[in-house]
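Engineer: Predicted coordinates and the sequence they were generated for:
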Amino acid sequence: ASSSGGPFGPDVREVGRVIFRTVVGIQAFLVLFIGPSFTAGAISGEKERQTYDLLRTTLLSAPAFVTGKLLSSLSYVLLLIFTAVPIQSIAFLLGGVSFFELLLSQLLLVVAAIAFSIFGLYCSTVMRSTLGASVTTFAGILVITAGIPALVGLFAAILGPLLSAMPSSSLAELLLTYLLLMLAATNLPATLIVSDVFLLQEGTYFYFTDSVGGYTAYIISPWPLFLVVYSLLALLFYWLIVRRIRRIAEK
């Protein structure tokens, strides 16, 4: 959108959006690769230094031990995320983004940072070495963020011509749309991009309606499902970490 009366020229709002997208992209990179790099060595490093058994002889409970390790590694990433907020406020002042969009992007990044950091901590718990934990962590992250989208794109390129030659079905198109939105909700970059497309093209943060085969279909933005899925995954991996540490302590 343009703003002809803006003090910085006709494209001031577009400049704000460019700033917003650039900073969010950098923040997403930090979330995906910096946070897990700290937690991947949090427990395996103690094993390599032979200080893990010493730590477990203290009065710290397993949840307190895991939470302490997580917070010490996660605090740096959260600091990097929140220090970018003043830069994001420039985009807000230029009119490129709304306050809700700014708040939502930071919420998605924080939830993703917690989930990926806990996943790295889980890998650090089950692997014997920091190298193995780091490789497993980043392999899992790359599969989710790049591998699955690449496979979807490959299948789309192969099956696209075949599907276009077949008689179209409104129900099949709707199911395919929902499937793609569900896949987008498992991927941080895809969730950020698709949610932005929803806002720009449909003017909504949550959902829009479309007529499919005479029926009204509700096309929901992926970010609510992303928050639910990643929150549940974070809780699941946290529980698995605590459970494993308790089992090791009981041996």
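Structural biologist: Alright, I've got the coordinates. Numbering: from 1, shown residues only.

Engineer: Residue 29 and residue 99: what is the separation?
Structural biologist: Distance of residue 29 to residue 99, given as Cβ to Cβ, to the nearest Å: 24 Å. Where you see a C-beta, it was placed from the backbone N, CA and C, and this is true even at glycine.

Engineer: what do you get for residue 186?
Structural biologist: Distance from residue 186 to residue 99, by Cβ to Cβ: 27 Å.

Engineer: Tell me which of the two has more neighbours.
Structural biologist: Higher neighbour count among residue 186 and residue 99: residue 186, with 18 against 9, using other Cβ atoms under 10 Å.

Engineer: Please give the element, helix or strand, for the more buried one.
Structural biologist: Using DSSP states H and E, residue 186 is not contained in any helix or strand.

Engineer: Over to the one 5 residues further on?
Structural biologist: Secondary-structure element containing residue 191, defined by DSSP H and E: helix 188-197.

Engineer: Point out the other helices and strands that that helix packs with.
Structural biologist: Counting contacts by 3 or more Cβ pairs under 8 Å, 6 or more residues apart in numbering; DSSP states H and E, helix 188-197 is packed against helix 12-29, helix 99-126, helix 170-184, helix 223-250.

Engineer: Identify, out of those, the most deeply packed stretch.
Structural biologist: For those, the largest average neighbour count (mean count of other Cβ atoms under 10 Å) is found in helix 99-126, namely a mean of 22.

Engineer: For that helix, which helices and strands make contact with it?
Structural biologist: Counting by 3+ Cβ pairs under 8 Å, 6+ apart, helix 99-126 packs on helix 12-29, helix 35-39, helix 44-48, helix 62-83, helix 85-94, helix 130-142, helix 188-197, helix 223-250.

Engineer: From the chain's centre, how far out is that helix? Work that out for me.
Structural biologist: How far helix 99-126 lies from its chain's middle: 6 Å, per Cα atoms, centre = their mean, to the nearest Å.

Engineer: pLDDT of that helix, averaged?
Structural biologist: In this model, helix 99-126 has a mean pLDDT of 92.

Engineer: so who does the closest residue to residue 119 other than its chain neighbours touch?
Structural biologist: Leaving aside its sequence neighbours, residue 119 sits nearest to residue 237 (Cβ to Cβ, 6 or more residues apart in numbering; 5.6 Å). Residue 237 makes contact with 115, 118-119, 121-122, according to Cβ atoms under 8 Å, 6 or more residues apart in numbering.

Engineer: from those, which single one is nearest residue 219?
Structural biologist: When those are ranked by distance to residue 219 (Cβ to Cβ), residue 115 comes first, at 25.1 Å.

Engineer: so can I have TSV of the helices and strands packed on helix 188-197 showing distance to residue 85?
Structural biologist: Listed next are these as TSV, based on distance: least, Cβ to Cβ, whole Å:
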stretch	distance to residue 85
helix 12-29	9
helix 99-126	7
helix 170-184	25
helix 223-250	19
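
Engineer: I'd like the distance from stretch 149-162 to the chain centre, please.
Structural biologist: How far stretch 149-162 lies from its chain's middle: 23 Å, per Cα atoms, centre = their mean.

Engineer: before we move on, the earlier item: between the helices and strands packed on helix 99-126, which gets the lowest average pLDDT?
Structural biologist: helix 44-48 (a mean of 79).

Engineer: Check which helices and strands that helix sits against.
Structural biologist: helix 99-126, helix 130-142.

Engineer: how about these in CSV, adding distance to residue 36?
Structural biologist: Output for those, formatted as CSV (distance: least, Cβ to Cβ, whole Å):
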stretch, distance to residue 36
helix 99-126, 3
helix 130-142, 5
